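Asker: give the three-dimensional model of this entry:
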Amino acid sequence: MEFGLFVQGYVPAARARTDPRAEHNALVEETEYVIQADRSGFKYAWASEHHFLEEYSHLSANDVFLGYLAHATERIHLGSGIFNPLPTVNHPVKVAEKVAMLDHLSGGRFEFGSGRGAGSHEILGFLPGITDMNHTKEIWEETIAEFPKMWLQDEYEGFQGTHWSLPPRRVLPKPYGGSHPAMWYAAGSPSSYAMAAKKGLGVLGFSVQKVSDMEWVVESYKGAVRDAEPIADYVNDNVMVTSTAICAETSEKAKRIAVGAGLNYLQSLLFRYHDTFPRPRGIPEWPELIPEYTEEVVELLIAEELMICGNPEEVLRQCKRWEQAGADQLSFGLPVGIPYEDTMNTIRLIGEHVIPQIDTDPVHRTTRFRQAAAHA
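Answerer: Residues are numbered from 1 along each chain as shown. Purely as a prediction, here's the structure:
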């Protein structure tokens, strides 16, 4: 199992009240988290693309963010988590160009994750007059198979669809070093996992909450990916899942950090904006908040495998549970309200004590897939 980091430009109101430069500082700090993750042996960093989601995510121009990190890092793969290719948000040709450009600037380290947006507040902002969220699925499916053609055909053959069109044109630049970046889809339901597998896409499992959820993820994805009809140059047989992670020198310190992190507020914002996600029983409607986490709640979340938290030995054991459940990649969401030094310490400790015990392959999984396609 490989390891990654997920950032999204989290700027909670509590931080903004005490720091007049909160937005700027949050974005800069998250670049530093990725740079430290690169030094600490993490293989992937994912940056969100969200629009209009106040507090929850101010990382809207993730192509710019990742372009900076392409120069500031050396080994870590940089992924769009996601680029939104719906024509009313980003024209597909512009997305293809950005992917190829980032592939060049990173030296072949770019990962192309795509999706349809976070929920009605975001998506319907770009689709005035549309009320059916399923409409975006039709647009995404019409678009996604065109990207490999734009990258691999010397002159793209052009496209005439229901939602966008383009005459034959040379789409430039072409990706770096043969084939093209690995393709991923942000999936949130069993049917989405199966659809991604059929198309040969890796899954960005942002909706996976705990280890036991991996059972249906693996069943719906791994079974279908064996019979993939890939739209890309190769099958990206990959399931990535995310979890909150807090690692400290002692278990007691890690739990204290978790209690003070305002995790209830972040979770409340998540369900405020991601209204297409299943809402667990007991989650209140915004602006009512999930109750603040106590040490007892944190201990329960750890026991229920809903949070990775503890000293390095405990975190190693918790990560191995995800590996045993079949995750190909475990990415840690670090936009939580944890002080900068505690976050950097989490990254360093996991890099020193956890990753070397689990990820012993020096080559990225997606690199192996891509190199095999390029050689073929």
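Asker: just checking, what packs against the helix or strand of the chain with the lowest mean pLDDT?
Answerer: Every helix and strand of the chain was ranked by mean pLDDT, DSSP states H and E. The lowest is helix 214-225, at a mean of 86. Applying 3 or more Cβ pairs under 8 Å, 6 or more residues apart in numbering; DSSP states H and E, one finds that helix 214-225 contacts helix 190-199, strand 202-205, strand 239-247, helix 312-325. For the C-beta atoms, the positions are set from N, CA and C on the backbone; glycine is no exception.
Asker: wait, what's in contact with residue 223?
Answerer: By Cβ atoms under 8 Å, 6 or more residues apart in numbering, residue 223 lies in contact with residue 197.
Asker: er, residue 138 I mean
Answerer: Residues 162, 163 are the ones in contact with residue 138 under the rule Cβ under 8 Å, 6+ apart.
Asker: state the distance from it to residue 295.
Answerer: For residue 138, the distance to residue 295 equals 47 Å [Cβ to Cβ, to the nearest Å].
Asker: also residue 136?
Answerer: With Cβ to Cβ as the criterion, residue 136 and residue 295 are 41 Å apart.
Asker: mind checking which of the two has more residues around it?
Answerer: residue 136 (23 against 12; other Cβ atoms under 10 Å).
Asker: not counting residues beside it along the chain, what's closest to that one?
Answerer: residue 116 (4.3 Å; Cβ to Cβ, 6 or more residues apart in numbering).
Asker: so what's the residue count around the one you found?
Answerer: Around residue 116 there are 25 other residues, counting by other Cβ under 10 Å.
Asker: okay but it is in contact with residue 83, surely?
Answerer: No. Using Cβ atoms under 8 Å, residue 116 makes no contact with residue 83, being 11.2 Å away.
Asker: can you give me the end-to-end distance of stretch 68-79?
Answerer: 13 Å (Cα to Cα, to the nearest Å).
Asker: what's in contact with it?
Answerer: 4, 31, 34-35, 37-38, 42-47, 66, 102, 105-107, 109-113, 184, 364, 366-367.
Asker: before we move on, what about stretch 299-313?
Answerer: Taking Cβ under 8 Å, 6+ apart as the rule, stretch 299-313 contacts 209-212, 243-251, 254-255, 258, 293, 298, 315, 318-319, 321, 332, 349-350, 352-354.
Asker: cool, stretch 339-348 as well?
Answerer: By Cβ under 8 Å, 6+ apart, stretch 339-348 touches 5, 29, 32-33, 36-37, 40, 42, 245-248, 257, 332, 334, 338.
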